[in-house]
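one predicted model, sequence on top.
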Amino acid sequence: GAVVSQHPSWVICKSGTSVKIECRSLDFQATTMFWYRQFPKQSLMLMATSNEGSKATYEQGVEKDKFLINHASLTLSTLTVTSAHPEDSSFYICSARDFLAGIGRETQYFGPGTRLLVL
Amino acid sequence: QKEVEQNSGPLSVPEGAIASLNCTYSDRGSQSFFWYRQYSGKSPELIMSIYSNGDKEDGRFTAQLNKASQYVSLLIRDSQPSDSATYLCAVKAWEYGNKLVFGAGTILRVKS
């Protein structure tokens, strides 16, 4: 099956620093990747859609200058949390869509997630 | 009305029983339907996808889709304690910008 990796799996940082999270599709090409955030005991919340070679599309209420997304290749998207604060502590999960699966059959596969703790 | 609705549960079933998870959606133009399983503290894992009316079986799992009634269900036969997790229903439709819209999830507990 399709594999999506994320790095790092967890990170602890000081308030005010920036943290970069990488998301890679290992055995398929992903023109579209998605970034989600999940707080404990809550549902997945879509933050942004990342399209290869173009600017990301952010969901309402998500600050694009705080959560920088770069989708430089068909297998790599990065999320940078800038000037992180304790309220940014969460579980960040990326998802990649396998576009070669066929129109209307595109399936999203999730990475293992990155736990961010901002002190 | 929420776009994708699921009973939050928890749904408790004894080991070996059939667990039935249901999901309804609001957009009649929805095209693709997915079931994900999420263990506590982990990311979602794809279990099944279904695109046309009827049943689709994969091992102990059967997905059922009824577009006329706008519901999709997941049956888990011979439930095991390891099936205990939150099950997320997801729907993709052009109206949603071709993005997946997730239900809040149903917590399943399989008791041994």
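Structure's in. What do you need?

C-alpha only now, for contacts and for neighbours.
Noted.

which helices and strands sit right next to the worst-scoring helix or strand of chain B on mean pLDDT?
Here the helix or strand of chain B ranked lowest by mean pLDDT, DSSP states H and E is strand B:100-102, holding a mean of 90. Here strand B:100-102 touches strand B:85-92, going by 3 or more Cα pairs under 8 Å, 6 or more residues apart in numbering or on different chains; DSSP states H and E.

name the strands paired with the strand it packs on and say parallel or antiparallel.
Strand B:85-92 has the following sheet partners, assigned by DSSP bridges: strand B:32-38 (antiparallel), strand B:100-102 (antiparallel), strand B:106-111 (antiparallel).

buried residues of stretch A:63-73, list them for me.
Neighbour-count burial for stretch A:63-73 flags A:64, A:67-71 (criterion: 16 or more other Cα atoms under 10 Å in any protein chain shown).

tell me how far the residue nearest to residue B:44 when sequence neighbours are not counted lies from residue A:63.
Using Cα to Cα, 6 or more residues apart in numbering or on different chains and skipping the chain neighbours, the partner closest in space to residue B:44 is residue B:38 (4.4 Å). For residue B:38, the distance to residue A:63 equals 27 Å [Cα to Cα, to the nearest Å].

what's in contact with the top strand by length along chain A?
When chain A is parsed with DSSP state E, its longest strand is strand A:90-98. Defining contact as Cα atoms under 8 Å, 6 or more residues apart in numbering or on different chains, one finds that strand A:90-98 is touched by A:4, A:6, A:23, A:25, A:28-40, A:106-117, B:43.

quick one on the thing from earlier: so for residue B:81, which of the strands paired with strand B:85-92 sits nearest?
Between residue B:81 and the strands paired with strand B:85-92, the shortest separation by Cα to Cα is 4.8 Å, and it involves strand B:106-111.
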